[in-house]
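Q: predicted structure and sequence below. I'll ask about it afterward.
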Amino acid sequence: MATKSQRKICWEHRDAYFGCLDDPARGDHGKCLQEYKSFEDQCPASWVMHFVSQRNAGTTNAGAPIANAQPPKKPMSLAEQLKAREHQKQH
């Protein structure tokens with residue numbers, strides 16, 4: 001079970017990742033990989049899935065709609081990232 005300080009750290013990293021996704025200048029998962037990695041590292045996997053599911057549903061924990069909710073893109077695996085980079089180099 002997570003302590004109060006662990007929960008706070010997790011929530012801060014979640015908010016940083018979702019804030020990055022909401023930033024019009026960055027706004028997609030590919031430009032928020034650092035924030036996602038920190039979110040994933042600081043939160044239990046079940047929490048990450050829960051928070052992302054809530055965001056995909058466009059609701060908060062209380063069930064209230066999230067303003068301008070944008071579902072995050074599925075994180076790319078390292079193999080997918082390398083393949084995409086190789087593809088970009090070829091074109």
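A: Sure thing, it's come through.
Q: tell me where this protein has helices.
A: Along the chain, the segments classed as helices by DSSP state H run 4-22, 33-42, 45-57, 78-90.
Q: could I get the ones you listed as JSON lines with mean neighbour count and mean pLDDT?
A: Just so you know, the C-beta spots here come from the backbone N, C-alpha and C atoms, and that holds for glycine as well. Below are the helices of the chain laid out as JSON lines (neighbours: other CB atoms under 10 Å; pLDDT from 0 to 100):
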{"stretch": "helix 4-22", "mean neighbour count": "16", "mean pLDDT": "92"}
{"stretch": "helix 33-42", "mean neighbour count": "17", "mean pLDDT": "92"}
{"stretch": "helix 45-57", "mean neighbour count": "14", "mean pLDDT": "87"}
{"stretch": "helix 78-90", "mean neighbour count": "9", "mean pLDDT": "71"}
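Q: kindly list the main-chain dihedrals of Pro24?
A: Here is the backbone geometry of Pro24 (degrees, to the nearest 10): phi -60, psi -30.
Q: how far away is Gln54 from Leu33?
A: 21 Å (CB to CB, to the nearest Å).
Q: for Leu82, same thing?
A: For Leu82, the distance to Leu33 equals 13 Å [CB to CB].
Q: so Val48 makes contact with Asp41?
A: No: in this structure, Val48 is not within contact of Asp41 by CB atoms under 8 Å, at 9.8 Å.
Q: got the contact list for Cys10?
A: Counting by CB atoms under 8 Å, 6 or more residues apart in numbering, Cys10 makes contact with Ala2, Phe39, Gln42, Cys43, Pro44, Trp47.
Q: surely Phe39 touches Gly19?
A: No: judged on CB under 8 Å, Phe39 makes no contact with Gly19 at a distance of 10.7 Å.
Q: list the contacts of the nearest residue to Arg26 once chain neighbours are set aside.
A: Nearest residue to Arg26, sequence neighbours excluded (CB to CB, 6 or more residues apart in numbering): Cys20, at 5.3 Å. Cys20 sits next to Arg26, Gly27, Lys31, Cys32, Glu35 when contact means CB under 8 Å, 6+ apart.
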